[in-house]
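S.K.: Quick one, what's the 3D model for this:
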Amino acid sequence: MCAMKGLNRRQFIASSTALTSAAMLPWSFSAHAAAVASATPGGTPRKGGVLRISVDQAVSVLNPHQVRVNPEYLVAELLYSGLTRLTQEMKAEADLAQSWQASADLKQWTFTLRPNLKFSDGTALTSADVVASLQALLDPKNASPALHNIGPIKAVSAKDANTVLIETDAPYADLPVMLAYPDAKIIPASIAQGQYDKLTKASLGAGPFQLVSYDPERKIVVKRNPHYYDPARPYLDGVEVVVYPDGIAESSALISGDTDLMLSAQSSEFARLSKSSGVLPLRVASGQFLNVNMGCDQKPFNDVRVRQALALCVDRQASVDFVADGLGSAGNDTPINASYPYFANLAKKAVDYSKAKALLADAGYPNGLDLTLIASDKPATRTQLGIALREMAKQGGFRIDVQTMAHSTYLDQVWKKGNFYVGFYNMQPTPDAVFSLLYTSTASWNETRWNNADFDSAVNAARETNDDAQRTTLYGKAQQLMHDEVPSLIPTFFDLLAASRDYVGGYHLHPRGAVFRLDHTWLTDKAPKRAV
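M.R.: Numbering: from 1, shown residues only. Got it, this is the predicted structure:
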């Protein structure tokens, strides 16, 4: 049954324009976009050249332990390395650590560093630097975003100059993956132990590049680091990161050849980029999602039947078309989709207004229910999802008033406090990371207050084993519980979009969104000739 019964797309948009002009996004060209590649061409890498990549906001923070947004993650990754890094398949691979092993109880992890590591100034990098860096990340006074995102680390110590021991409070199978967090970079011990100010405008890391110049609002320039641990990489001589706050101007720069690669592309510009000569549109499925959070500890959402009824009003594909311009995938009320390992392919929810009305009546609302849904104005897709839900839910007995507010007000007054509001989240490295961030009873951002003991038990048990079969079963149970009890609606996942010139090779758009791996990227002889 179609949630848009009697209401076509044009009518759907027209009926919603009184609320916000932000809803007026162009409709999708998904049939074309489905064929778009997620990577630039491969082949034999060629050394040399300077890549010019555009970003959509300033790189305001240079200290790798403090970075918060994708352009800052990019620069930190160019200049610094961590113990591990993420592969395209969301697995941990060696970075500064060449190997690691865990104790049988998964509470002690031993990381062995590559031999003869050096920082970009040629000084030695040893286990002492790793220990000091991780301790700085875990020190609350430094307020690093990594504090709650690299695992339940209890202690870090050096066994010798090339070996680091990390002890956790509880068994934790995902530690190598979580140590690839964008902020978990290794810096000199002298800086980590109280001289953070040195990294405000300068850089001293062990990444593939070293800093040449830093103008946060305009351009950051880096060049190949001669002390990088892999002599074969990076292939590029250097990278210029150029800031374009205006999306149309950023797209135009790529189309004209002023830039070589866009870090991300707006859905409203993706069609123009796709049709431009010499431009390769890039698209990859991701776990980035919008959700509608319901306060499960307050009326009316403390009754699971109300939540289930609302879920039965949502046309998932229509939500993708309206909210993501067709450049995404339908959700099933869990934050895990096929981009994650341990994804459970559960029964797809379909619209059933009769059942929705019956559930509402059983819950004590035979005449329907009046609700106020709050949406921040950033990103604008939050309001669009609110509009879509308002229209879809009418036939199920829900009368929803959608209110949009400034993001700063939303963060202060609604986020983690409200009863019914729209959230937006990037893909996390692991299922545990997203569950523990948002949905367990002890989650850092426990927005729904669902507090389901069976769910908590399944997530905790999966965290404490490295047996894939057991983890598949446990994460499957966790997803089934969310699917059935609906602490939040998750109807829409977004694909990540980017674009490059056709002379860029070896670049893969990463589903995590915060991983770039430009040390694997190269330029053909057709690229513009630039010097660092």
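S.K.: so where do the helices sit in the stretch 51-200 of the chain?
M.R.: Secondary structure of the stretch 51-200 of the chain (DSSP state H, counting those that start in this stretch): helices at 70-79, 127-137, 175-178, 189-192.
S.K.: Over to the stretch 301-450 of the chain?
M.R.: Using DSSP H, counting those that start in this stretch, helices in the stretch 301-450 of the chain cover 304-311, 316-323, 353-362, 381-393, 407-413, 431-438.
S.K.: and the helices of the stretch 51-200 of the chain, which is most packed in?
M.R.: Comparing the helices of the stretch 51-200 of the chain by mean neighbour count (mean count of other Cβ atoms under 10 Å), helix 70-79 comes out on top with a mean of 24. All C-beta spots, glycine's among them, are computed from the backbone N, C-alpha and C.
S.K.: quick check, distance from that one to the centre of its chain.
M.R.: 14 Å (Cα atoms, centre = their mean, to the nearest Å).
S.K.: Against which helices or strands is that helix packed?
M.R.: Applying 3 or more Cβ pairs under 8 Å, 6 or more residues apart in numbering; DSSP states H and E, one finds that helix 70-79 contacts strand 50-55, strand 209-215, strand 219-224, strand 238-243.
S.K.: which other residues reach it?
M.R.: 53, 55-62, 64, 67, 120, 182-183, 185, 203, 205, 207-211, 220, 222, 239, 241, 243, 263-264, 513-518 (Cβ atoms under 8 Å, 6 or more residues apart in numbering).
S.K.: model confidence over it, on average?
M.R.: Averaging pLDDT along helix 70-79 gives 96.
S.K.: For that helix, C-alpha coordinates in PDB please.
M.R.: C-alpha atoms of helix 70-79 as PDB (Å, rounded to 0.1, in the frame of the first residue of the first chain):
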ATOM      1  CA  ASN A  70      35.300  16.200   7.600                       C
ATOM      2  CA  PRO A  71      37.600  18.900   6.200                       C
ATOM      3  CA  GLU A  72      39.500  18.800   9.500                       C
ATOM      4  CA  TYR A  73      39.600  15.000   9.500                       C
ATOM      5  CA  LEU A  74      41.100  15.200   6.000                       C
ATOM      6  CA  VAL A  75      43.900  17.400   6.900                       C
ATOM      7  CA  ALA A  76      44.600  15.500  10.100                       C
ATOM      8  CA  GLU A  77      44.800  12.300   8.000                       C
ATOM      9  CA  LEU A  78      47.300  13.900   5.600                       C
ATOM     10  CA  LEU A  79      49.600  15.000   8.300                       C
END
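S.K.: what angle do it and strand 219-224 make?
M.R.: Counting by axes from the mean of the first three to the mean of the last three Cα atoms, to 10 degrees, helix 70-79 lies at 20 degrees to strand 219-224.
S.K.: Would you check that H407 makes contact with I374?
M.R.: No: if you go by Cβ atoms under 8 Å, H407 and I374 don't touch, sitting 11.5 Å apart.
S.K.: These two: which has the busier surroundings?
M.R.: Neighbour tally, H407 and I374, criterion other Cβ atoms under 10 Å: the higher count belongs to I374, 23 against 14.
S.K.: ok, back up a step: of the helices and strands packed on helix 70-79, which is nearest S441?
M.R.: Of all these, strand 50-55 sits nearest to S441, with 37.5 Å by Cβ to Cβ.
S.K.: Which elements pack onto the closest one?
M.R.: helix 70-79, strand 238-243, helix 247-256, strand 261-262.
S.K.: which of the residues in the following helix or strand past the last one are buried?
M.R.: Remark: after strand 261-262, the chain's next helix or strand is helix 267-274, criterion DSSP states H and E. Of the residues in helix 267-274, S267, E269, F270, A271, R272, L273, S274 count as buried by neighbour count, 16 or more other Cβ atoms under 10 Å.
S.K.: contacting residues around D105?
M.R.: So D105 contacts P171 (Cβ under 8 Å, 6+ apart).
S.K.: next one: the one 5 residues further on
M.R.: The contact partners of T110, taken as Cβ under 8 Å, 6+ apart, are W100, Q101, A102, K159, T163, V164, L165, I166.
S.K.: Show me just the buried residues among those.
M.R.: Buried, going by 16+ other Cβ under 10 Å: W100, A102, T163, V164, L165, I166, out of those.
S.K.: Look up how far L175 lies from the last one.
M.R.: When distance is defined by Cβ to Cβ, to the nearest Å, I166 is 7 Å away from L175.
S.K.: Identify the contacts common to these two.
M.R.: Contact criterion Cβ under 8 Å, 6+ apart; residues shared by I166 and L175: W109, I153.
S.K.: Show me what the longest strand that the chain contains is packed up against.
M.R.: Scanning the chain for the strand with the most residues, using DSSP state E, yields strand 279-294. When contacts are defined as 3+ Cβ pairs under 8 Å, 6+ apart, strand 279-294 packs onto helix 267-274, helix 304-311, helix 381-393, strand 420-425, strand 488-501.
S.K.: Which two among the buried ones among the contacts of T110 are spaced furthest apart?
M.R.: Pairwise over the buried ones among the contacts of T110, using Cβ to Cβ, the maximum falls at A102 and T163, 14.1 Å.
S.K.: Quick one: the helices of the stretch 51-200 of the chain as TSV, columns for distance to A347 too.
M.R.: Shown next, in TSV, are the helices of the stretch 51-200 of the chain (distance: least, Cβ to Cβ, whole Å):
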stretch	distance to A347
helix 70-79	35
helix 127-137	41
helix 175-178	29
helix 189-192	49
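S.K.: what's the closest of these to L411?
M.R.: Nearest to L411 among those is helix 70-79 (19.2 Å), distances taken as Cβ to Cβ.
S.K.: show me what contacts D160?
M.R.: So D160 contacts S127 (Cβ under 8 Å, 6+ apart).
S.K.: Identify the residues contacting the longest helix along the chain?
M.R.: Secondary structure of the chain read by DSSP state H shows that its longest helix is helix 468-485. Here helix 468-485 makes contact (Cβ under 8 Å, 6+ apart) with 173, 304, 307-308, 332-336, 342-344, 346-347, 349, 431, 435, 439, 450, 452, 454-455, 458-459, 461-462, 465.
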